[in-house]
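[1] Here you go, sequence then predicted model.
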Amino acid sequence: MATLLRCDNCDKQIKLDEDFGGKSIRCPRCKEVVRVRGRRQQEDDDDDRREQRSGRRRKQQSGSMALWIGLGVGGAALVLIAVVIGVVVVIVAKRPPVRPDNVALAPVDARGGPAAVAELSPARAIKPGVLFQEAVLRPGAVPMKVWYYRPEQAKGKLPLVLVPPAGSTLFAGMDLGDGDRDEHYPYVRAGFTVGSFEIDGFVPDGQGDAVILQGAREFRDARAGLNNAKAALDFLLAKAPDVDQNRIFIAGHSSAATLSLLVAAHEPRIKGCIAYCGVPDVETHLAPVIPQLDRGIPGYRDFIRFSSPKTHVEKLKCPVFLFHAQDDTTVPVSQTTTFAELLKKTNRDVTVDTSARGGHHQPMIDAGIPRGIAWMQKR
């Protein structure tokens, strides 16, 4: 009886004539070495994938206590506070990643970098007037999805807005899903191209402490997403000829706003940064869980300090637009106002805008993005 093996790296199905459980083969598509699991284990894995794609959450692993509470960093995502074998962590519940179809995966050379750059998929209309393409890169140990949008009728060079995915815990990464697109379309309709990218270290909900800590390590190794942002920008400048390399912006909401500020402080190609309801002071925001993280991953306290835009405020020289709702109970508006006063000491081009009410997410959609677009159009 034939066995169908699924490559964990590129998701290709490989037909085997018999059950070679415990041995390894090389995937014919991506050339990665794949360990052949036994037929029963493979069937269980496929069941897990189908369950994830249908949107059902897997049961929390035994030995963990979980409590769902309100809205957390990342807007529409729920926050799960879990006590997992003595480690207190915060997990953002978000749909599992969906692997794109017909997308090339860049192989990895011996140094861990891409040996060959992947290609964007053929353009397709995802909304009236909006063309969409995607690719999967391998800048490090973790494959990374990149999305790219452009206006269908636009001509010539267009400005690019990088939009990282929101919803992370600020000590783990984040995937891309259809729920992120509402933040992408307004920029395209305003005449911008848009690039979005996954952040290493994504942890689906309902995971145990080992998975959570592994995600935190991957996030640290990706320098809080800085490596992902650079890889995505390098790729889009190489593969999207309609991008104007002299007009590159980055804009994000909540945890993605934190990354946007961090990228703008370290990436000289960024000409302007927009942060909606962000967390510039990560150390203060994560203070309750830092001791547990540092015990689980020695030295993680220092990484949290590095990941905080406040640490790099003097390097943030490009124009900055900061937006926040005054009644935000997820991330207090003081995170933005305090950071703005600090930033203005070394940066002359800082704009602060607020909305009176609406909470953490909706004001970004209703007021923040339109005002951010108007701000970029003047640059």
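    Yep, it's here. Numbers count the residues shown, from 1 in each chain.

[2] Quick check: end-to-end length of stretch 275-282?
    With C-alpha to C-alpha, to the nearest Å as the measure, the ends of stretch 275-282 fall 14 Å from one another.

[3] what does stretch 161-174 give?
    End-to-end distance (C-alpha to C-alpha), stretch 161-174: 18 Å.

[4] again, but for stretch 342-356
    23 Å.

[5] got the buried residues for that stretch?
    Buried positions in stretch 342-356, judged by neighbour count with 16 or more other C-beta atoms under 10 Å: 342, 343, 347, 350, 352, 353, 354, 355. Every residue, glycine included, has its C-beta placed from N, CA and C.

[6] Looking at these, which are in strands?
    Judged by DSSP state E, strands contain the following of those: 350, 352, 353, 354, 355.

[7] so how far is residue 294 from the fourth one?
    Spatial separation of residue 354 from residue 294 under the definition C-beta to C-beta, to the nearest Å is 34 Å.

[8] can you tell me which residues contact residue 291?
    Neighbouring residues of residue 291 by C-beta atoms under 8 Å, 6 or more residues apart in numbering: residue 301.

[9] For it, what is the enclosing helix or strand?
    Using DSSP states H and E, residue 291 falls within helix 290-296.

[10] cool, residue 259 as well?
    Per DSSP H and E, residue 259 falls inside helix 255-266.

[11] What helices and strands are in contact with that helix?
    helix 226-239, strand 243-253, strand 272-276 (3 or more C-beta pairs under 8 Å, 6 or more residues apart in numbering; DSSP states H and E).

[12] now, of these, which is deepest in the fold?
    strand 272-276 (a mean of 28; mean count of other C-beta atoms under 10 Å).

[13] Average pLDDT for stretch 214-234, rounded please.
    Stretch 214-234 shows a mean pLDDT of 97.

[14] Now do residue 128 against residue 151, distance only.
    Taken as C-beta to C-beta, the span from residue 128 to residue 151 is 11 Å.

[15] Those two: which has the busier surroundings?
    Just comparing residue 128 and residue 151: by other C-beta atoms under 10 Å the higher neighbour count belongs to residue 151, 19 against 7.

[16] tell me the contacts of the more buried one?
    129, 130, 131, 158, 188, 189, 191, 192, 193.

[17] Residue 243 and residue 193 touch, don't they?
    Yes - using C-beta atoms under 8 Å, residue 243 is in contact with residue 193, at 5.6 Å.

[18] what is in contact with those two at once?
    What both residue 243 and residue 193 touch, as defined by C-beta under 8 Å, 6+ apart, is the set 158, 159, 160.

[19] Shouldn't residue 159 be within a strand?
    Yes - Residue 159: assigned to a strand according to DSSP: H, G, I helix; E, B strand; the rest coil.

[20] ok, so what distance separates the closest residue in space to it that isn't next to it in sequence from residue 233?
    Leaving aside its chain neighbours, residue 159 sits nearest to residue 247 (3.6 Å; criterion: C-beta to C-beta, 6 or more residues apart in numbering). Per C-beta to C-beta, residue 247 is found 13 Å from residue 233.

[21] Tell me which helix or strand in this structure has the weakest average pLDDT.
    The helix or strand of the chain with the poorest confidence is strand 64-71; it has a mean of 25 (mean pLDDT, DSSP states H and E).

[22] so where's the stretch 101-250 of the chain uncertain?
    Across the stretch 101-250 of the chain, the ranges flagged by pLDDT under 70 are 101-117.

[23] residue boundaries of the strands in the stretch 101-250 of the chain?
    124-127, 130-137, 144-151, 158-162, 193-197, 243-253 (DSSP state E, counting those that start in this stretch).

[24] can you list contacts of the fifth one?
    In this case it means strand 193-197. Against strand 193-197 from outside (C-beta under 8 Å, 6+ apart): 144-151, 158-165, 176, 180, 184, 187-188, 228-229, 231-233, 236, 240, 242-243.

[25] Could you do the first one as well?
    Outside of strand 124-127, the residues that reach it under the criterion C-beta under 8 Å, 6+ apart are 131, 132, 133, 149, 152, 181, 185.

[26] what lines up beside that strand in the sheet?
    Next to strand 124-127 in the sheet, as set by DSSP bridges, lie strand 130-137 (antiparallel).

[27] contacting residues for residue 163?
    180, 183, 184, 187, 194, 195, 196, 250, 251, 252, 256.

[28] Who does the residue lying closest to it once chain neighbours are set aside form a beta bridge with?
    Nearest residue to residue 163, sequence neighbours excluded (C-beta to C-beta, 6+ apart): residue 196, at 4.9 Å. Beta bridges link residue 196 to residue 147, judged by DSSP bridges.

[29] heads up, I number from 253, so please use that
    I'll keep to 253 as the first residue from here, and by that count the last item is residue 448.

[30] Count the neighbours of residue 448 for me.
    Residue 448: 23 neighbours (other C-beta under 10 Å).

[31] Ok, the one 3 residues further on next?
    The burial count assigned to residue 451 is 29, neighbours taken as other C-beta under 10 Å.

[32] Confirm for me that it is in contact with residue 419.
    No - using C-beta under 8 Å, residue 451 makes no contact with residue 419, being 9.9 Å away.

[33] coming back round to it: residue 473: which of the contacts of residue 415 is nearest?
    residue 508 (19.2 Å; C-beta to C-beta).

[34] Tell me who's in contact with that closest one.
    326, 415, 416, 417, 418, 419, 420, 426, 530.

[35] Where do the helices of the stretch 303-452 of the chain begin and end?
    437-441 (DSSP state H, counting those that start in this stretch).

[36] out of the contacts of strand 376-379, what pair is the most spread apart?
    Most distant of the contacts of strand 376-379, by C-beta to C-beta, are 404 and 433, 15.9 Å apart.

[37] who has more neighbours, these two?
    residue 433 (19 against 13).

[38] Which residue is the nearest non-sequential neighbour of the more buried one?
    residue 378 (7.8 Å).
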